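**Student:** Sequence and predicted structure are below.
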Amino acid sequence: METRIGSRIYKDHTYIMGILNVTPDSFSDGGRYTGLDAALFHAEQMLKEGADLLDVGGESTRPGYTRISDEEEISRIAPVIEAIRARLDIPVSADTYKPKVAAAALQAGADMINDIWGFQAEPGMAQLVAEAGAACCLMHNRKEAVYSDFFGDVLSDLRRSIALAKQAGIPEDRIVLDGGVGFAKTREQNLEIIRRGREIAELGYPVLLGTSRKSVIGLTLDVPVDQRLEGTLATTVVAVMTGCRFVRVHDVLANRRAVDMTEAILGKESRHG
C-alpha cells in the first residue's frame, strides 16, 4: 500500500524520518535545537543528508518525562513547522498526542500527526487529523507494561487505534503503524517488536520503526546514549529486511547509507534513480 504524506507518495522502499527535537530535555539531543535558527539549520542539514520527511517534537516523552502545557509545546513547534514549510520542500510530521497542539501544528503546515498513544489518549484526535486531511502514525503504547500475551496484545491495541482512525474517516493510505519500541516494554519485548515488523504490517498498513539511540540498544550493548549509532544501524538494516516503510532516526546520513546498501543487496532499484 502507498503512503501519502502531504504531497509525497511513499512506496516500495524504507524511507528516513529525521528527528527534530525542539525540547530542552530530550534523552539524547535535548537543548541542541531549541532556537528557531538552530532548528531550521538542522532541518536543512537532514534534508541534504537524505531525510524523506521530518518529525518535529516539542515535548520529551522519554521515561519519566514531565508533561508541559499545550501553550508551551505550541510555542516550541509551531514556528519551526512554519519555517520548514516556508523554506524546505519536505513533508513535516508533528510528534504530539494533544489535540490542541495537533490543531496548531496542522494550522502551521504539518502534514502528519505522530501520536505516541495511537489516538487512544485524547478524544477528538482522530477527527482532528481526518478533518485536516493529514496522515497519522499510530504508535503502540500502554500506561503499564502488563500483558497476557505480549505480541497478541500489541496487535490488538494497534487494531483499536486503526479502528479509531477509520471511524473518523482517515483514508487508508494516510495511516502508518509503529510498534512502540521503548514504550511500556522490557528490553526483550522491544527486541521482539524490532524483529516482527513484517507481522505488524500484516494488519494492512505500512510500519515505522523508531529505535534511534533508545535504551534497548544501550541495554543490549551496554553503551551510553552517545555511543548507540552502530546499534541503531543494525535495527535499520532489520527494518529494511522486514519491510518497514519508515525508520525514525537522529543520524540521517549514516542511516540513509545503511538503507541504500541493504536495499541494493536485496535487489531493489535505487530510490535516487
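**Tutor:** Here it is on my side, so go on.
**Student:** Helices along the stretch 151-273 of the chain, start to end?
**Tutor:** 187-195, 197-201, 215-221, 229-241, 252-265 (DSSP state H, counting those that start in this stretch).
**Student:** Can you work out which other helices and strands pack against the longest one?
**Tutor:** The helices and strands touching helix 252-265, judged by 3 or more C-beta pairs under 8 Å, 6 or more residues apart in numbering; DSSP states H and E, are strand 15-21, helix 36-49, helix 229-241, strand 246-249. Glycine gets a C-beta too; all of them are placed from N, C-alpha and C.
**Student:** picking that back up, closest one to L53 among the helices of the stretch 151-273 of the chain?
**Tutor:** Closest of the helices of the stretch 151-273 of the chain to L53 is helix 252-265, at 11.0 Å (criterion: C-beta to C-beta).
**Student:** V129 is in contact with A103, correct?
**Tutor:** No - between A103 and V129 there is no contact under C-beta atoms under 8 Å: 9.8 Å.
**Student:** Between the two, which has more neighbouring residues?
**Tutor:** Counted by other C-beta atoms under 10 Å, A103 and V129 do not tie: V129 has more neighbours, with 27 against 21.
**Student:** List the residues that contact the more buried one.
**Tutor:** The neighbourhood of V129, defined by C-beta atoms under 8 Å, 6 or more residues apart in numbering, consists of 102, 106, 113, 135-136, 165, 168, 170.
**Student:** Could you do L158 as well?
**Tutor:** 118, 138, 140, 177, 179, 200, 203.
**Student:** for D70, same thing?
**Tutor:** 98, 100-101 are the contacts of D70 under C-beta under 8 Å, 6+ apart.
**Student:** out of the helices and strands packed on helix 252-265, which comes closest to I68?
**Tutor:** I68 lies closest, by C-beta to C-beta, to one member of the helices and strands packed on helix 252-265: strand 15-21, at 13.2 Å.
**Student:** what sits up against that closest one?
**Tutor:** Under the contact criterion C-beta under 8 Å, 6+ apart, strand 15-21 has outside partners 29-30, 32-33, 39, 42-43, 46-47, 49-57, 60, 80, 93, 208, 212, 245-250, 252, 255-256, 259.
**Student:** Could you report the pLDDT at the nearest residue to L40 once chain neighbours are set aside?
**Tutor:** Of all residues not flanking L40 in the chain, A83 sits nearest, at 5.1 Å (C-beta to C-beta, 6 or more residues apart in numbering). We note a pLDDT of 96 for A83 in this prediction.
**Student:** need the contact list for A83.
**Tutor:** By C-beta under 8 Å, 6+ apart, the contact set of A83 is 36, 39-40.
**Student:** before we move on, the earlier item: turn the helices and strands packed on helix 252-265 into a markdown table, columns for mean neighbour count.
**Tutor:** Shown next, in a markdown table, are the helices and strands packed on helix 252-265 (neighbours: other C-beta atoms under 10 Å):
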| stretch | mean neighbour count |
| --- | --- |
| strand 15-21 | 26 |
| helix 36-49 | 17 |
| helix 229-241 | 20 |
| strand 246-249 | 27 |
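**Student:** would you turn those into TSV with mean pLDDT and distance to S161?
**Tutor:** Converted to TSV, the helices and strands packed on helix 252-265 look like this (pLDDT from 0 to 100; distance: least, C-beta to C-beta, whole Å):
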stretch	mean pLDDT	distance to S161
strand 15-21	97	18
helix 36-49	95	28
helix 229-241	98	20
strand 246-249	98	17
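**Student:** wait, which of those is closest to F183?
**Tutor:** Distance to F183, taken as C-beta to C-beta, is lowest for strand 246-249 among the helices and strands packed on helix 252-265, at 12.8 Å.
**Student:** And the contacts of that closest one?
**Tutor:** 10, 14-19, 52-53, 55, 176, 178, 206-212, 232, 235-236, 239, 255, 259.
**Student:** same thing with stretch 190-205?
**Tutor:** For stretch 190-205, the surrounding residues in contact (C-beta under 8 Å, 6+ apart) are 1, 140, 150-151, 154-155, 158-159, 162, 172, 175-177, 179-182, 185, 207, 209, 211, 214, 216, 220, 235, 238-239, 242-244.
**Student:** let's see it at 7 Å
**Tutor:** The contact list for stretch 190-205 (C-beta atoms under 7 Å, 6 or more residues apart in numbering) reads 1, 151, 155, 158-159, 162, 175-177, 179-182, 185, 207, 209, 211, 216, 235, 238-239, 242-244.
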